[in-house]
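Peer 1: what's the 3D shape of this:
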Amino acid sequence: MDEHEPGEAYTGPARLATGGDDEALEVEVRLRGYLEPIDGRFHWYGRIASDVHLADRHRAGTTVVVQTPYGAAAGKIADLDPWGRFRITGLGAPPF
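Peer 2: Predicted coordinates for the structure are as follows:
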């Protein structure tokens with residue numbers, strides 16, 4: 001079962017789509033966010049659970065649409081950690 005704390009965090013299933021011909025990928029994510037008072041924008045970020053298909057299809061710098069049961073938003077895949085999890089970041093309304 002997924003957790004949902006409105007506006008601040010989300011842990012659970014998500015779909016990643018690039019908008020290209022690739023089929024959407026079902027993944028597990030852990031996302032958090034905060035309103036940055038300096039720029040007045042909501043910054044969200046997190047990790048995508050290790051997934052062999054994700055590592056094969058996406059690299060750091062890829063822009064994807066992250067969809068959760070609570071919404072969808074564009075994010076950018078960033079670095080890969082030693083445990084095979086990609087970091088993801090986004091600005092504006094979060095997918096949770």
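
Peer 1: Please report how far the residue sitting furthest away from the middle of the chain lies from R87.
Peer 2: In the chain, I38 marks the outermost C-alpha relative to the chain mean, sitting 23.0 Å out by C-alpha atoms, centre = their mean. Distance of I38 to R87, computed by C-beta to C-beta, to the nearest Å: 21 Å. Yep, even glycine has a C-beta here, placed from its N, CA and C like the rest.

Peer 1: Next SSE downstream of the helix or strand bottoming out on mean pLDDT in the chain?
Peer 2: Lowest on mean pLDDT, DSSP states H and E among the helices and strands of the chain sits strand 3-5, with a mean of 49. The first helix or strand that comes after strand 3-5 along the chain, using DSSP states H and E, is strand 9-17.

Peer 1: what lines up beside that following strand in the sheet?
Peer 2: Applying DSSP bridges, strand 9-17 is found paired with strand 3-5 (antiparallel), strand 25-36 (antiparallel), strand 63-68 (antiparallel).

Peer 1: Just send those strands back as JSON lines, with mean neighbour count and distance to V52 too.
Peer 2: Below are the strands paired with strand 9-17 laid out as JSON lines (neighbours: other C-beta atoms under 10 Å; distance: least, C-beta to C-beta, whole Å):
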{"stretch": "strand 3-5", "mean neighbour count": "11", "distance to V52": "25"}
{"stretch": "strand 25-36", "mean neighbour count": "17", "distance to V52": "11"}
{"stretch": "strand 63-68", "mean neighbour count": "20", "distance to V52": "17"}
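
Peer 1: Take those strands and write them to JSON lines, including distance to P94.
Peer 2: Formatted as JSON lines, those follow (distance: least, C-beta to C-beta, whole Å):
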{"stretch": "strand 3-5", "distance to P94": "12"}
{"stretch": "strand 25-36", "distance to P94": "5"}
{"stretch": "strand 63-68", "distance to P94": "9"}
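
Peer 1: Nice, that's everything, thank you.
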